[in-house]
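In: model the structure of this input:
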Amino acid sequence: MKKVVMLIATVLVLTGCQQSHLDIFPDLSDEQLMVQKLSVEQMHTDIDALLEGALKRRPDIEEYASLVALRAKVEQLKAGIKKPLNRVEFYRVVGKLTPYFQDGHSFLIWPYQELNEVREVGHKTFPFAVSVNGRGKLQMKCGLSRYRGYFC
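Out: Alright, predicted model coming up:
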């Protein structure tokens, strides 16, 4: 009996690990959300909610990150948002908070549906194709032209 229980437990654990961790993101109710612009107020609210959510889930965040620097970066990013942005444009702003968590596992990923679109046409999202342009600046090759300059 003990072997049967162990076998069942092993099967449950292994099958539970088969699904991608990104599958937690639901499909969009409307594909237009991928191109719809978010208001400045919506983005400010989202940034505030992100910070407050991180603080609730990481009550000891000050042991490894500077809360002063994190809050200052939040305010700097919010002040820099002057016009409505789509999800990818907003990601390029809010994604800059990632290194301020300084914990090695708090990070923001690309908007999931847009990420899938790039992957579905066969482009890799990592590693990026990197080159140096004529002005000596690094460039990363992007998957779809509509995202060029957003993800890479």
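In: and the strands in this protein?
Out: Secondary structure of the chain (DSSP state E): strands at 130-132, 138-140.
In: for the first one, what is the average pLDDT?
Out: Pointing back at strand 130-132 there. If you average the pLDDT over strand 130-132, you get 70.
In: and if you look at stretch 100-109?
Out: In the prediction, stretch 100-109 has an average pLDDT of 72.
In: now stretch 113-123
Out: Mean pLDDT, computed over stretch 113-123, is 75.
In: alpha carbons of it, in PDB - could you do that?
Out: The C-alpha coordinates for stretch 113-123 follow below in PDB (Å, rounded to 0.1, in the frame of the first residue of the first chain):
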ATOM      1  CA  GLN A 113      -0.100  37.700 -25.200                       C
ATOM      2  CA  GLU A 114       2.300  39.900 -27.000                       C
ATOM      3  CA  LEU A 115       5.200  37.600 -25.900                       C
ATOM      4  CA  ASN A 116       3.300  34.600 -27.300                       C
ATOM      5  CA  GLU A 117       2.700  36.400 -30.600                       C
ATOM      6  CA  VAL A 118       6.400  37.000 -31.000                       C
ATOM      7  CA  ARG A 119       7.200  33.300 -30.100                       C
ATOM      8  CA  GLU A 120       4.500  31.900 -32.400                       C
ATOM      9  CA  VAL A 121       6.100  33.400 -35.500                       C
ATOM     10  CA  GLY A 122       9.300  31.700 -34.600                       C
ATOM     11  CA  HIS A 123      11.300  34.400 -33.000                       C
END
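In: what residues of it count as buried?
Out: By neighbour count with 16 or more other CB atoms under 10 Å, stretch 113-123 contains the buried residues 114-115, 117-118, 123. C-beta: built from backbone N, CA, C; applies to glycine.
In: do the same with stretch 59-79
Out: Applying a neighbour-count criterion of 16+ other CB under 10 Å, one finds 61, 65, 70, 73-74, 77-78 buried in stretch 59-79.
In: with that, I have no additional questions.
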